[in-house]
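S.K.: Sequence isn't available, so here's the structure alone:
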């Protein structure tokens, strides 16, 4: 029997892994088994684990697309990076196991971020707009921006 | 130059206990601003907007120096890397990036690295808890201004899935000549791997280990609290320090003269050499650090050892003399610099 990967060398290693959605069976030669990271004696680092897990591709990966940044699951598997804050939510059903295998955990327990702190960026944007309005001497526009800033409870100047 | 190495060179020669074994501590957290896409989907114009926003916000919170990475020379960028203030990935970025260094040089913030913010603190010796406290207190103040990408299940959302959760990486740089001598280093480091710690050479992943220097850091960021990670690193470090001290006892009972010989030859070469490479310096400094830590070498202090370790790197030595130097010239000037540092202390 020839190796499933290179189809050249005789297969000397039989690999079987039972995943929740399917059973993977592979007949590999020594060098291809090594390439897949199956012969590692030391523990794999999270990065190595990620790279290995991302090789599991599926035909529908192209169709699963993040609604905010338009990154597809296929693209995520190619680059191993999220495109925005919402990718994780979109890909969650497909990458839950991957995250669990990388971290040996499924739940964050550390420090928390409080939501609803958009104020910082909005105030910054308004201040920038105000600066521009004043530069071009658009005083009506500037007054309107000042009113918006007041709603945030901040002064218009730094 | 002084500002960039102040975190490792205390200036008064005073160092915490075992500072010859635990050379330095580092903590970094990865954070992203939810209104902006992450690196791979961040358009250059948005990267610019985000950079200006973060710069303004951070500038209002801490006193420090802002460096626009595009405005500085390749040599200066390389120097920031050699001083551990930026990452190799940060150097390769094509999008607009910036760096904030706090006034006392202990906190540095990479803007638009793989994550929008990589907040990092460094210190000489075993000070990981103190610098973690600094980072979290800074995070509290900036977190009041920004909406960080966060998920109730997966914690802080980072560009790479391997940083999900706390986005926290704590590490210590260890100098272990005793364990190298007793051949126990592999055993100890394998033990570290078993409890979820990664072991690397001094200049990050993949590089070979030089000068008996090893870095341990946490591998996992999800499912463990920051204080648990800090505790694991602290416990493991103090365990390794104990084993290293025992190994040093073995050295003194079995090969005292050989080691003393190595220490005094090393300092003699550093004091006399006219041409010297970075790698040779690193190896000789290991013996000198060992001599200082064990009290065999009394006329040199760890500040000088640490200063030589950083300033003799290729880009730093050029910046120190403010000249572009070819490799051979660098080796000559490096030897000049080291002689001047070591003679000053013994004069």
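M.R.: Yep, that arrived. These numbers were taken from a predicted model, which means no experiment stands behind them. Numbers count the residues shown, from 1 in each chain, chains lettered A, B, ... in the order given.
S.K.: contacts and neighbour counts: CA atoms only from here.
M.R.: Will do.
S.K.: So which residues of chain B form strands?
M.R.: B:22-31, B:64-68, B:98-102, B:107-111, B:117-124, B:150-151, B:155-156, B:168-175, B:197-200, B:213-218 (DSSP state E).
S.K.: Please work out which residues outside the helix or strand of chain B with the lowest mean pLDDT touch it.
M.R.: Least confident element among the helices and strands of chain B, by mean pLDDT, DSSP states H and E: helix B:2-5 (a mean of 74). The contact list for helix B:2-5 (Cα atoms under 8 Å, 6 or more residues apart in numbering or on different chains) reads B:80, B:83, B:85, B:104, B:105, B:307, B:310.
S.K.: Could you report the neighbour count for residue B:63?
M.R.: 13 (other Cα atoms under 10 Å in any protein chain shown).
S.K.: contacting residues for it?
M.R.: So residue B:63 contacts B:102, B:103 (Cα under 8 Å, 6+ apart).
S.K.: can you check residue A:131 too?
M.R.: For residue A:131, the contact set (Cα under 8 Å, 6+ apart) is empty.
S.K.: one step back: taking the contacts of helix B:2-5, tell me the two that lie furthest apart.
M.R.: B:104 and B:310 (17.5 Å; Cα to Cα).
S.K.: Those two - which one has more neighbours?
M.R.: The residue with more neighbours, out of residue B:104 and residue B:310, is residue B:310; 22 against 13, by other Cα under 10 Å.
S.K.: Okay, the closest residue to the more buried one other than its chain neighbours and chain A: tell me how far apart.
M.R.: Among residues not flanking residue B:310 along the chain, residue B:83 sits closest, at 6.4 Å (Cα to Cα, 6 or more residues apart in numbering or on different chains). Relative to chain A, residue B:83 is positioned 25 Å away (Cα to the nearest Cα, to the nearest Å).
S.K.: Neighbours of residue B:83, how many?
M.R.: 20.
S.K.: Kindly report the same for residue A:147.
M.R.: Around residue A:147 there are 13 residues (other Cα under 10 Å).
S.K.: any idea which element it lies in?
M.R.: helix A:139-151 (DSSP states H and E).
S.K.: helices or strands up against that helix?
M.R.: helix A:119-135 (3 or more Cα pairs under 8 Å, 6 or more residues apart in numbering or on different chains; DSSP states H and E).
S.K.: what is the mean pLDDT for the helix it packs on?
M.R.: The pLDDT scores in helix A:119-135 average 86.
S.K.: Residue B:293 and residue B:20 touch, don't they?
M.R.: Yes - taking Cα atoms under 8 Å as the definition, residue B:293 is a contact partner of residue B:20 at 5.2 Å.
S.K.: Name the residue in the two with the higher neighbour count.
M.R.: Using other Cα under 10 Å as the criterion, residue B:293 and residue B:20 rank with residue B:20 on top: 26 against 18.
S.K.: which phi and psi does the more buried one have?
M.R.: When read as degrees, to the nearest 10, the backbone of residue B:20 gives phi -80, psi -20.
S.K.: domain assignment for the chain?
M.R.: Picked chain A for this. As assigned by automatic domain parsing, chain A contains the domains A:1-41, A:47-109+A:116-151.
S.K.: not what I meant, chain B
M.R.: B:7-249, B:255-343.
S.K.: now the helix holding residue A:147: mean pLDDT?
M.R.: The pLDDT scores in helix A:139-151 average 87.
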